[in-house]
Structure formats: C-alpha cells, structure tokens
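Participant: no letters, just coordinates:
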C-alpha cells in the first residue's frame, strides 16, 4: 500500500510540474498578445497623426485582426491547459482507488467543476476591446 501512495504522489507531482511549465509558456503568450495589441494601437494612433491613406488603414486593420486571431489561439491553449490538468488529475484519482489525491489537487478539481466560463468571457472581452481600440479610430471619424 505504501508503494501505491508513493507512486500516486510522484505521478501527481509530475502532473503539477508539467502544469506549471505550461503556465510559464501561457504567460509568455499573454505578454506577446499585450505587446501585439499595444503595437497595433500605436500603429493606428501614428497613422491617424500622419493621415494615412486607405491602403495603410487596411494593412493596420489586418495586423490588428491577426493579433485578435492569435489571441483566440493563445486563450484556447490556456483553457486547454487547465482542462487537461483537471482531466489528468481526475484520471489519476480514478486509477488510485482508495488512495486520495492531495488536498490541493482535490481543491483544483472542485474549482474546475464549477466551470471556467468567467475566464473565457474575460479573455474574449479583453481581445474584442483591444481590437476595437486599435481599429475603430481608423474608421470612425469623431471630429464631427
């Protein structure tokens, strides 16, 4: 029985290690998104100051939309990491039988059961608002 507890603990530690490695990659992706949206907004602002032509507006809009599309991928990857961790812990819990997961793993599973809709909604709201900040000033004249 003691061997099973040790094996379960080592498997859980490995899962948490992989999860936290993925969180570092997700943080890098999130920073890249923030930088990309800032660059798109800055391009938009400078192009308005320089009175850019229609072709320039289209290029800047395409760049901002590509950053938005990248944000969908990054935020999907972030959500998948959380869901994958929950699925792996649940599978370990089922395979363990009478051996319980750590209290942290049990709390994590309980929090994932409540759903992650709020996080996905926040990610979508951030991406849409950043796209609007970068694109709308190019196409809507507010000087009237």
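Facilitator: Structure's in. What do you need? Keep in mind the model is a prediction, meaning the values are calculated, not measured. Numbering: from 1, shown residues only.

Participant: any buried residues in stretch 108-126, and which?
Facilitator: 108, 109, 112, 123, 126 (16 or more other CB atoms under 10 Å). From N, CA and C alone the C-beta is placed, and that goes for glycine too.

Participant: filter those residues down to just the ones in helices.
Facilitator: Among these, DSSP state H puts 108, 109, 112, 123, 126 in helices.

Participant: ok, so of those residues, who is nearest residue 39?
Facilitator: Set against residue 39, the nearest of these by CB to CB is residue 126 (15.9 Å).

Participant: what residues are up against the closest one?
Facilitator: residue 71 (CB atoms under 8 Å, 6 or more residues apart in numbering).

Participant: on that earlier part again, which two in the ones in helices among the buried residues of stretch 108-126 are spaced the farthest apart?
Facilitator: Maximum distance among these (CB to CB): 26.8 Å, for 109 and 126.

Participant: longest helix anywhere in the chain?
Facilitator: In the chain, with assignment by DSSP H, the single longest helix is helix 2-49.

Participant: what mean pLDDT does that one have?
Facilitator: Mean pLDDT, computed over helix 2-49, is 91.

Participant: distance between the ends of stretch 109-117?
Facilitator: One end of stretch 109-117 sits 15 Å from the other (CA to CA, to the nearest Å).

Participant: count of neighbours near residue 53?
Facilitator: For residue 53, the count of nearby residues is 9 (other CB atoms under 10 Å).
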